[in-house]
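*Asks:* with the sequence up front, the predicted model follows.
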Amino acid sequence: MDKNKKISSIAYALVFIFAIFVVGFVSFVNLVDFYVNDRVDYNEWSADLGNKFETDEATAFFKKFQFVNLNGEMRSLLGQREMNGILRLNNGHLIMPQAKMEDEEIEGYADEVIKYADFCKEQGKIFLFVQPILKVDKENKQLPTGVEDYSNENIDVFLKYLKNAGIDILDIRTCMKQDGIDMYDYTYITDHHWTSEGCFYAFGEIVEWIADKTGIKADPDVTDINKYKIITYQGWHLGSYGQRVGQYFAGIDDYDLIIPQFDVSFIDENGEKHSFYEQVVNTEIFENRDVTSRYTYDHALRIPEGIATTSKNMSLLFVTDSYASEMAPYLKLAYSDYCSQYYPDGLNADYVLQSDPDIVVVMPYYTSTFNAGAIFTEAGAN
């Protein structure tokens, strides 16, 4: 090797070492900021590395999202389907495959719901369990060869225990199948949530079930998607699965706002009227596109205050999770009183007594259904 080439090699090595030092130093500064201010400037997802310090360091790593993007893009170009525990289906949708559960374990989770349902019925409440769609269609799994997912099988066993206990069940998976709907059209590619349209569809099915059960029908405009304007924000939502693999592994989802075009307003306690857009839409979410945040779905809509001019006199208690984030505003268009409780925090009898609803609707997503915290707490036990 001649002298010039040797100097050049040393220079490249020094530049590389310096770059590593800069990245490490800035990452350390970010880590300190994370510990002191609980603030992360980049992609919110981070792998659990077992050791807390290593996990925190990965969370605050300098330009982490750009490195995740690069990794995801390279894997996509190489035709790889898995990254950070996420799998890409044949149709491009991302999932987190679920292992098969033992029936005895599933029965334990179902028993908690059954105890809660029995208590609600003893209090004279109508009780409904709603099963949302999952990320995998059990009749069209789209799984690559050699990969298994048992989410639907586990849920089917769970629902069997509820049905045998006499609990009313509304299975949105079955509803869509009967209506000839491709479930994948109503789920985000990069997220575990259903889309705005999927959520609205389920809202309509719930309202129809309540009408059949009680005879109280919602205003027909409220459940008619043709009475709404859909505003599409293209490439706006990178879901929780997309955060793990970056924006190039499976792309970025569009996000749709569904806004009423019929005459409706919310009347506050002072008798003043407010529009749906004013009360419901969190405009900050749509001021700046930020694909490093997975919270577009969760935070785009707020639960409106006041009573809608279209609402019927009925009170609902929704025991649910983020799967109802976009459903609440439309339920308030339909009914005068809506309150909610977070399913993984437990099935609380006291809350039923305090809110005194006409109907209790339980609607957990898969991971909430099998959450260790979702246990029935008897009245006065807290």
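*Replies:* That came in fine, so what should we check first? If you're wondering where the values come from, they're calculated on a predicted model, not measured in any experiment.
*Asks:* care to break the protein down by domain?
*Replies:* The chain breaks down by automatic domain parsing into domains covering 3-80, 103-377.
*Asks:* single out the most deeply packed of the ones you listed.
*Replies:* Compared across these, domain 103-377 shows the largest average neighbour count, a mean of 18 (mean count of other Cβ atoms under 10 Å). Every C-beta, even on glycine, is put in place using the N, C-alpha and C of the backbone.
*Asks:* who does the helix or strand hosting Val319 pair up with?
*Replies:* Assessed by DSSP states H and E, Val319 sits inside strand 312-320. Counting by DSSP bridges, the strands paired with strand 312-320 are strand 335-342 (parallel), strand 359-363 (parallel).
*Asks:* low-scoring stretches of the stretch 101-250 of the chain, by residue?
*Replies:* By pLDDT under 70, the stretch 101-250 of the chain has no low-scoring segment.
*Asks:* can you pull out the strands in it?
*Replies:* For the stretch 101-250 of the chain, the strands defined by DSSP state E, counting those that start in this stretch occupy 126-131, 169-171, 228-237.
*Asks:* is it possible to export those to CSV including distance to Ala202?
*Replies:* Output for the strands of the stretch 101-250 of the chain, formatted as CSV (distance: least, Cβ to Cβ, whole Å):
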stretch, distance to Ala202
strand 126-131, 7
strand 169-171, 9
strand 228-237, 15
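*Asks:* right, and those strands - which one's nearest His192?
*Replies:* Smallest distance to His192 across these (Cβ to Cβ): 12.3 Å, for strand 228-237.
*Asks:* against which helices or strands is that closest one packed?
*Replies:* Counting by 3 or more Cβ pairs under 8 Å, 6 or more residues apart in numbering; DSSP states H and E, the packing neighbours recorded for strand 228-237 are helix 196-214, strand 253-260, helix 296-299.
*Asks:* wait, which of the ones you listed is closest to Asn90?
*Replies:* strand 253-260 (18.1 Å).
*Asks:* now the nearest residue to Lys213 once chain neighbours are set aside: how far from Asp254?
*Replies:* Distance criterion Cβ to Cβ, 6 or more residues apart in numbering; nearest residue to Lys213, sequence neighbours excluded, is Ile126 at 6.1 Å. Distance, Ile126 to Asp254, using Cβ to Cβ, to the nearest Å: 37 Å.
*Asks:* just Thr310 next, same as before
*Replies:* 28 Å.
*Asks:* mind checking pLDDT for Ser27?
*Replies:* pLDDT for Ser27: 47.
*Asks:* my error: substitute Arg289 in the last question.
*Replies:* Looking at Arg289, its pLDDT is 89.
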